[in-house]
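Novice: Let me see the structure of the following:
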Amino acid sequence: MTDTQRLAEALIRCPSVTPQDAGCQTLLAERLRALGFVCETIESGPDDFRVTNLWALRPAATPDAPVLVFAGHTDVVPTGPLEHWSSDPFTPTVRDGKLYGRGASDMKSSLAAMVVACEEFLRSHPEPALAIGFLLTSDEEGPARDGTVVVCDALRQRGQRLDWCIVGEPTSVQRTGDMIKNGRRGTLSGRLTVKGIQGHIAYPHLARNPIHLLAPALAELVATRWDEGNAHFPPTSWQVSNIHGGTGASNVIPGTVVVDFNFRFSTESTPDGLQRRVHDILTRHGLHEDVDYELVWTLGGLPFLTPAGALVDAVRSAIRDVTGLEAELSTTGGTSDGRFIAQICPQVVELGPPNATIHQIDECIALDDIEPLKNIYRRTLERLAGAARP
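Specialist: Modelled structure (predicted):
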């Protein structure tokens with residue numbers, strides 16, 4: 001068993017269902033302190049949803065040296081029905097060349113690979129020409145209010161410079177390194193409440209059906225082309241996730257209907273612009289804000305993009321050296337904590353193992369994907385350190 005697999009299995013044994021860290025960060029901090037990292041725990045959130053964050057930094061010999069940060073999360077999603085698992089989700093189990101357990105792919109193997117990569121790198125480069133940091137949270141799979149965003153705010157207030165960041169999200173498709181994320185779309189959610197007048201379904205002239213009021217506007221919202229995307233991002237999408245209306249009785253016209261929707265938007269659109277266009281569509285179909293409807297917006301994150309440059313080039317070169325693959329750059333998929341880090345770090349990419357089983361029953365990672373991931377991280381360190389050397 002390799003050091004990387006051994007550490008990954010130790011992390012999987014920690015039942016760190018969000019927002020619990022369950023000892024993961026303590027385990028990782030012990031390894032990092034032995035390498036000269038200064039480790040700081042930053043807790044945040046209410047008592048019933050306490051989040052644990054770790055900021056660890058190994059300074060370089062010169063204060064103006066560039067800073068590379070490894071980022072990720074120690075929390076995992078709930079297991080689902082235990083009886084559906086082939087083995088206990090928090091007992092790492094190897095079967096048919098795969099390591100099974102909750103978090104095996106998302107993203108405890110990445111965390112193990114990052115730490116072991118640093119151990120190997122610092123053994124051969126004890127005084128590198130760059131500083132190395134770790135930014136870990138137990139609130140990525142949850143609401144993400146008290147995790148990475150809190151640490152980023154603290155680092156901004158301190159004036160801590162970050163130059164490059166690698167997030168260990170599972171980004172690959174078939175083999176580790178075949179795809180990296182060099183950006184992500186923004187996310188903007190809305191909860192629309194359309195007001196009507198409840199009444200008997202046999203006397204519609206005495207009521208006002210909010211579902212009927214909304215229907216024409218809803219049809220236009222569904223059909224709208226919000227933008228065309230660009231060379232890096234697909235077109236912005238608008239999707240309804242929930243519609244709630246009615247009392248449950250078949251003879252009552254509802255008094256309100258509530259629609260939850262979400263934009264995943266490219267850099268071709270802005271939150272303000274999308275909000276304005278939605279309000280314009282509602283107005284065009286006879287709905288007036290505060291009188292006929294209320295709309296509450298939640299901005300989950302802005303889009304970010306890291307173009308070709310030092311970090312992208314180093315990561316792609318490392319992948320090529322280790323695997324022979326030519327990594328595809330992509331901005332597809334969901335959001336990640338990269339959206340917060342990108343606000344204080346100019347170059348952010350995500351690289352991790354294949355994501356086919358993440359959040360699923362019997363989550364797993366192929367053993368053959370673990371060591372290449374560690375080697376890619378180490379090789380990236382070597383390339384960036386070499387580029388930073390005076």
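
Novice: Run the chain-centre distance for whatever helix or strand residue 30 lives in.
Specialist: Assigned by DSSP states H and E, residue 30 falls within helix 24-33. In terms of CA atoms, centre = their mean, to the nearest Å, the centre of helix 24-33 is set 22 Å apart from its chain centre.

Novice: counting contacts, what elements does it pack onto?
Specialist: Where contact means 3 or more CB pairs under 8 Å, 6 or more residues apart in numbering; DSSP states H and E, helix 24-33 is packed against helix 3-12, strand 38-44, strand 51-58, helix 109-124, strand 131-137. C-beta here means a position set from N, CA and C on the backbone, and glycine is covered the same way.

Novice: and those, which is most packed in?
Specialist: strand 131-137 (a mean of 26; mean count of other CB atoms under 10 Å).

Novice: Now that strand - C-alpha only, CSV.
Specialist: Taking Å, rounded to 0.1, in the frame of the first residue of the first chain, the C-alpha atoms of strand 131-137 are listed here in CSV:
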residue,chain,number,x,y,z
ALA,A,131,5.5,29.3,-0.3
ILE,A,132,2.9,26.5,0.0
GLY,A,133,-0.5,26.8,1.6
PHE,A,134,-3.4,24.6,2.4
LEU,A,135,-7.0,25.9,2.6
LEU,A,136,-9.4,23.2,3.9
THR,A,137,-13.0,23.4,5.0
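
Novice: hang on, the earlier thing: rebuild the helices and strands packed on helix 24-33 as TSV, extending it with distance to residue 313 and mean pLDDT.
Specialist: TSV is the format used below for the helices and strands packed on helix 24-33 (distance: least, CB to CB, whole Å; pLDDT from 0 to 100):
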stretch	distance to residue 313	mean pLDDT
helix 3-12	25	98
strand 38-44	29	98
strand 51-58	23	98
helix 109-124	18	98
strand 131-137	19	98
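
Novice: Could you name the stretch from those that's closest to residue 155?
Specialist: Among the helices and strands packed on helix 24-33, the nearest to residue 155 by CB to CB is strand 51-58 (7.2 Å).

Novice: And the next helix or strand past that closest one?
Specialist: By DSSP H and E, the next helix or strand past strand 51-58 is strand 67-73.

Novice: re earlier: which positions in the helix holding residue 30 come out as buried?
Specialist: Across helix 24-33, burial judged by 16 or more other CB atoms under 10 Å covers 24-25, 27-29, 31-32.

Novice: from those residues, which is closest to residue 83?
Specialist: Minimum distance to residue 83 across the buried residues of helix 24-33 is 25.6 Å, recorded for residue 24 (CB to CB).

Novice: Would you check how far apart the closest one and residue 135 are?
Specialist: 14 Å (CB to CB, to the nearest Å).

Novice: what angle do the helix holding residue 30 and strand 67-73 make?
Specialist: Interaxial angle of helix 24-33 relative to strand 67-73 (axes from the mean of the first three to the mean of the last three CA atoms, to 10 degrees): 160 degrees.

Novice: List the contacts of helix 24-33.
Specialist: Applying CB atoms under 8 Å, 6 or more residues apart in numbering, the external contacts of helix 24-33 come out as 7, 10-11, 14, 16, 37, 39, 41, 52-54, 56, 58, 74, 108, 111, 115, 118-119, 134, 136, 138.

Novice: re the thing from before, let's have the buried residues of helix 24-33 in TSV, adding distance to residue 98 and pLDDT.
Specialist: Below are these laid out as TSV (distance: CB to CB, whole Å; pLDDT from 0 to 100):
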residue	distance to residue 98	pLDDT
24	21	98
25	26	98
27	23	98
28	23	98
29	29	98
31	25	98
32	28	98
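
Novice: What is the most widely separated pair among these?
Specialist: 24 and 32 (12.4 Å).

Novice: buried ones in stretch 255-274?
Specialist: Quick answer for stretch 255-274 (16+ other CB under 10 Å): 255-257, 259, 261-269, 271, 274.
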